[in-house]
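K.L.:
What follows is a predicted protein model with its sequence.
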Amino acid sequence: MPRNRLPRSASPCPCGAPGTYDECCGRLHSASAQAATAEQLMRSRYSAFAVGDRAYLMRSWHPDTRPASLDLDPRTEWVRLEVLSTTGGTPFHKEGTVAFRAVYRENGREGTLDEHSRFVRHEGDWVYLDAL
């Protein structure tokens, strides 16, 4: 998928969940819906990296840990997301973690990013806090 270009509405969602981009992460990116769980927020952030939505990434980052700016490398193509485990992070929790593996391609070579991310509620919404 080309960087900085939203998928067609009928395209599968980059996060790998069932449904189209518009039915899944696209709703969160456009702010027509909010993430109900920490995992849903993490998936939407992965999709934001995949489509180059810098504004959503900044908006969904806790203000205490959010960087002043964010540069996305146009050479990175995000290929696949694997959720490995979750703790907490349901609509009934105030915090949660998601361990995941993100597969990417740069310069024709595949690599992986493994992370155990922490999410918290901020002003009622799930936001990314940091990596453990």
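P.N.:
Arrived safely.

K.L.:
Could you list the low-pLDDT ranges of this structure?
P.N.:
Applying pLDDT under 70 to the chain flags residues 1-9.

K.L.:
Can you tell me which residue is spatially central in it?
P.N.:
Most central in the chain under C-alpha atoms, centre = their mean is R45, positioned 1.5 Å from the mean C-alpha point.

K.L.:
Now it, what are its backbone angles?
P.N.:
With angles defined as degrees, to the nearest 10, R45 sits at phi -70, psi -40.

K.L.:
next one: L70
P.N.:
L70 adopts backbone torsions of phi -140, psi 120, taken as degrees, to the nearest 10.

K.L.:
what's the spacing between it and D53?
P.N.:
11 Å (C-beta to C-beta, to the nearest Å). Bear in mind the C-beta positions are built from the backbone N, C-alpha and C, glycine included.

K.L.:
who's more crowded, these two?
P.N.:
With neighbours defined as other C-beta atoms under 10 Å, L70 and D53 compare such that D53 has more, 23 against 12.

K.L.:
Phi and psi next, for G111.
P.N.:
phi -140, psi 180.

K.L.:
pretty sure it contacts A102?
P.N.:
No. Taking contacts as C-beta atoms under 8 Å, G111 lies outside contact range of A102: 9.3 Å.

K.L.:
more neighbours, those two?
P.N.:
Applying other C-beta under 10 Å to G111 and A102 shows that A102 carries more neighbours, namely 18 against 11.
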